[in-house]
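Student: Please work out how this folds:
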Amino acid sequence: MDSASSESEGSAPSVPKNPAMSSCRKKKSDDATFLQDVKDHIDEFIHASMDEHKTCFKKTIQKMFGMSKVVAERAAEAKEAEVESALPLQTSVSQ
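Tutor: Numbers count the residues shown, from 1 in each chain. Just a heads-up that it's a prediction; the model follows:
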C-alpha cells in the first residue's frame, strides 16, 4: 500500500479549490454502479495503512473545525450588519 500513499502525496497539488469539500477517498471510476462504488470504498478502507487512516482522520477533523469557523464568522458578520434600534424604552403605569 506504499504506492497508494505515495500517489496521494503526489496528487496533493491537484486538490480542489474548496478544501472543505475534498475527500480522503479516491474514486476509482465515475461510471461505476452504486454497489461497485461501495465495494471499492470498503476495500480501500480495509486495505489502507494506519498512516493513511490517521492522515484522513486529521484532515476530516480539520475540515469540521474549518467549517465551524466559517459558520461562526458568517454569524458574526451577520450580527455586525444588524441594525440596532435606538428607540427609548417607554413604560406606562395605569392607575
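Student: contacts and neighbour counts: CA atoms only from here.
Tutor: Will do.
Student: Tell me the buried residues in the lengthiest helix in the chain?
Tutor: Under DSSP state H, the helix in the chain containing the largest number of residues is helix 50-81. Applying a neighbour-count criterion of 16 or more other C-alpha atoms under 10 Å, one finds E52, K59, T60, K63 buried in helix 50-81.
Student: could you redo those as TSV and give each row distance to T91?
Tutor: As requested, these are exported to TSV (distance: C-alpha to C-alpha, whole Å):
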residue	distance to T91
E52	65
K59	55
T60	53
K63	50
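Student: and those residues as JSON lines, adding pLDDT and distance to K39?
Tutor: Formatted as JSON lines, those follow (pLDDT from 0 to 100; distance: C-alpha to C-alpha, whole Å):
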{"residue": "E52", "pLDDT": "91", "distance to K39": "19"}
{"residue": "K59", "pLDDT": "92", "distance to K39": "23"}
{"residue": "T60", "pLDDT": "90", "distance to K39": "22"}
{"residue": "K63", "pLDDT": "89", "distance to K39": "25"}
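Student: Spatially, which two of those are the most separated?
Tutor: In terms of C-alpha to C-alpha, the buried residues of helix 50-81 reach their longest pairwise distance at E52 and K63, which sit 16.4 Å apart.
Student: Lovely, talk soon.
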